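Participant: Fold the following, please.
(chains A and B)
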Amino acid sequence: GAGVSQSPSNKVTEKGKDVELRCDPISGHTALYWYRQSLGQGLEFLIYFQGNSAPDKSGLPSDRFSAERTGGSVSTLTIQRTQQEDSAVYLCASSLNAPTGGNIQYFGAGTRLSVL
Amino acid sequence: EDQVTQSPEALRLQEGESSSLNCSYTVSGLRGLFWYRQDPGKGPEFLFTLYSAGEEKEKERLKATLTKKESFLHITAPKPEDSATYLCAVQATGGFKTIFGAGTRLFVKA
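Facilitator: This next block holds a predicted model:
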């Protein structure tokens, strides 16, 4: 079946502009994650959604960052008033988070954001 | 605070030269420890999940082991196609927030 899809694959924007990044998870997956990966670095947790529960927003770096998940499926990560330090690859993952045990996350290819 | 530290940052091997990658972790209670492989320009790809100390899992030339403080990814007789960044991650009990390490970049020369 189809994997996790992210769009756009690349986004170039000017400092101060708002951007929206989209993630289409694997059908039926109840959990959705957003991560940020700066050049040569590991993944920085941003936010995750689990079913109808309130999202865990503890990783969002500032109030310029927000995310929503509509209908338990598609998610949009919004960055307002972009700054040059926001330049990174933004990765989305989805998972069938079972009540017990760890859960495999399936990743999209990411959106490479460049803020000029 | 939950934390994951991977070492070394980079590892260069000759084809056939076995070695190990380390992942040290601090977590309040472990739900699961994960190993992923990431190729340039792609998202991470799942390799293994380990749940409790003493557990081991194998896949082809890779073997992952787990203690209460660290995990090792052993690579036996690596091939150039094993070149990638290997990421370690943990989930703590009580939630599904996932903390990743910075990764180990592995280069295998023919």
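Participant: tell me the strands in chain B, going along the chain?
Facilitator: B:3-7, B:10-14, B:19-26, B:30-38, B:45-50, B:56-59, B:62-66, B:70-75, B:84-92, B:98-100, B:104-109 (DSSP state E).
Participant: Please name the bridge partners of the residue of chain B found nearest chain A.
Facilitator: Here chain B gets closest to chain A at one residue, B:Gly32, 1.8 Å apart by CB to the nearest CB. (C-beta placed from N, C-alpha, C; glycine too.) Under DSSP bridges, the beta-bridge partners of B:Gly32 are B:Gln91.
Participant: quick revisit: in CSV: the strands of chain B, plus mean pLDDT.
Facilitator: Converted to CSV, the strands of chain B look like this (pLDDT from 0 to 100):
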stretch, mean pLDDT
strand B:3-7, 96
strand B:10-14, 97
strand B:19-26, 98
strand B:30-38, 94
strand B:45-50, 95
strand B:56-59, 96
strand B:62-66, 98
strand B:70-75, 98
strand B:84-92, 95
strand B:98-100, 93
strand B:104-109, 97
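Participant: and these as CSV, adding mean neighbour count?
Facilitator: Output for the strands of chain B, formatted as CSV (neighbours: other CB atoms under 10 Å in any protein chain shown):
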stretch, mean neighbour count
strand B:3-7, 17
strand B:10-14, 14
strand B:19-26, 18
strand B:30-38, 22
strand B:45-50, 18
strand B:56-59, 12
strand B:62-66, 20
strand B:70-75, 19
strand B:84-92, 23
strand B:98-100, 23
strand B:104-109, 18
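Participant: tell me which element A:Ile47 falls in.
Facilitator: Here A:Ile47, judged by DSSP states H and E, is contained in strand A:44-50.
Participant: Packing partners of that strand?
Facilitator: Here strand A:44-50 touches strand A:31-37, strand A:65-69, strand A:75-79, strand B:98-100, going by 3 or more CB pairs under 8 Å, 6 or more residues apart in numbering or on different chains; DSSP states H and E.
Participant: export the ones you listed to CSV and tack on distance to A:Lys17?
Facilitator: Formatted as CSV, the helices and strands packed on strand A:44-50 follow (distance: least, CB to CB, whole Å):
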stretch, distance to A:Lys17
strand A:31-37, 18
strand A:65-69, 14
strand A:75-79, 9
strand B:98-100, 29
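Participant: Of all these, which one is nearest B:Tyr25?
Facilitator: strand B:98-100 (8.2 Å; CB to CB).
Participant: Could you check how far the closest one is from the centre of its chain?
Facilitator: Centroid separation between strand B:98-100 and its chain, computed with CA atoms, centre = their mean, to the nearest Å, is 12 Å.
Participant: what does that strand contact?
Facilitator: A:33, A:35, A:42-45, A:48, A:105, B:2-4, B:27, B:34, B:87-91 (CB atoms under 8 Å, 6 or more residues apart in numbering or on different chains).
Participant: Right, I'll leave it there.
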